[in-house]
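Participant: can't give you the sequence, but here's the structure:
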């Protein structure tokens, strides 16, 4: 392991446990991640489960360019800029994408959405044909003053 570290110019540090001052860089990252998670959870006051947002926060941290370097951590590690979901969707909409696999996956999702839309009307049409006197059930929006039964599971 020592040869690999010297080959890659890595300087290993041994720090004492339970003394965060010795690992300032790691502690700074933990503080940044913690503040990102607080902001994500603050936008959704009913959902306080921070574990759900860790991967999204880490992705956002890794794709943002650092001012001191001019590159994102992802770019430095993989040698290319990150292609997130919004980038791929933008490329699909502007017809810039050339990867056939991504195109077919995107087209599959679009086709599936259309099939689901068409098939959602199908049971209603059959029901109307077999039971001509029935009308669709209407859901009423609650208004101030209405009694509402709330269940919590």
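Facilitator: Here it is on my side, so go on. Note that the structure is a prediction, hence the values are computed from the model and not measured. Numbering: from 1, shown residues only.
Participant: Show me the helices in the chain, by range?
Facilitator: 2-7, 24-42, 54-63, 73-78, 85-93, 100-130 (DSSP state H).
Participant: The second one - contacts with which helices or strands?
Facilitator: The elements that helix 24-42 packs onto, with contact taken as 3 or more CB pairs under 8 Å, 6 or more residues apart in numbering; DSSP states H and E, are helix 54-63. Backbone N, C-alpha and C define where each C-beta goes, glycine included.
Participant: The helix it packs on vs helix 24-42, what angle?
Facilitator: 120 degrees (axes from the mean of the first three to the mean of the last three CA atoms, to 10 degrees).
Participant: Can you name the residues that contact the residue nearest the centre of the chain?
Facilitator: The chain has residue 56 as the residue nearest its centroid, 5.0 Å off, counting by CA atoms, centre = their mean. Residue 56 makes contacts with residue 40, as judged by CB atoms under 8 Å, 6 or more residues apart in numbering.
Participant: Report the separation between it and residue 6.
Facilitator: 37 Å (CB to CB, to the nearest Å).
Participant: try residue 146
Facilitator: 74 Å.
Participant: likewise residue 108?
Facilitator: 50 Å.
Participant: What of residue 58?
Facilitator: Counting by CB to CB - residue 58 and residue 6 are separated by 30 Å.
Participant: Could you do residue 75 as well?
Facilitator: Distance, residue 75 to residue 6, using CB to CB: 26 Å.
Participant: Over to residue 62?
Facilitator: From residue 62 to residue 6 the distance is 28 Å (CB to CB).
Participant: who's more crowded, the two?
Facilitator: Comparing residue 62 with residue 6 by other CB atoms under 10 Å, the one with more neighbours is residue 62, at 15 against 10.
Participant: ok, now which ones touch that one?
Facilitator: Counting by CB under 8 Å, 6+ apart, residue 62 touches 72, 73, 74, 82.
Participant: And those, which of them are buried?
Facilitator: 72, 74 (16 or more other CB atoms under 10 Å).
Participant: Distance to residue 40 and pLDDT for the contacts of residue 62 - can I get that in JSON lines?
Facilitator: JSON lines is the format used below for the contacts of residue 62 (distance: CB to CB, whole Å; pLDDT from 0 to 100):
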{"residue": "72", "distance to residue 40": "19", "pLDDT": "86"}
{"residue": "73", "distance to residue 40": "19", "pLDDT": "86"}
{"residue": "74", "distance to residue 40": "19", "pLDDT": "87"}
{"residue": "82", "distance to residue 40": "19", "pLDDT": "86"}
